[in-house]
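# pasting a predicted model and its sequence here:
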Amino acid sequence: MDSDGQGARSLREMEEEAIEEAREIARKRLQQKLQEEANRYGGVFPPQPKKDLASAKDAYGDADGGGDG
């Protein structure tokens, strides 16, 4: 038994815990790399849409000549 009185954990439980920890480490590393890349370009990722540009609906809504059908 463990010193905390819960009994031994199965190998599957230990493996799942290790995989979860590895995923979290990988996620943090990726987040750090992405932030460093964004900082290098001096912007926010993903880029925010410009307010002065027309929306996609406005840009493509008049492509058919404005007719309803």
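All right, it came through fine.

# output the below-cut-off pLDDT ranges for the chain.
Within the chain, the stretches with pLDDT under 70 are 1-6, 43-48, 52-69.

# which helix runs longest in it?
helix 11-41 (DSSP state H).

# and that one, what does it pack against?
Of the remaining helices and strands, none touches helix 11-41 by 3 or more Cβ pairs under 8 Å, 6 or more residues apart in numbering; DSSP states H and E. (Each C-beta comes from the backbone N, C-alpha and C, glycine too.)

# list the buried ones in it?
If you call a residue buried by 16 or more other Cβ atoms under 10 Å, then helix 11-41 has no buried ones at all.

# helix or strand for Gly7, which one?
Taking DSSP states H and E as the definition, one finds Gly7 inside no helix or strand.

# now it: how far from Ala18?
Distance, Gly7 to Ala18, by Cβ to Cβ, to the nearest Å: 19 Å.

# same check on Gln31?
To Ala18, Gln31 is 20 Å away according to Cβ to Cβ.

# now swap in Tyr41 and tell me
Shown here: Tyr41 relative to Ala18, a distance of 35 Å by Cβ to Cβ.
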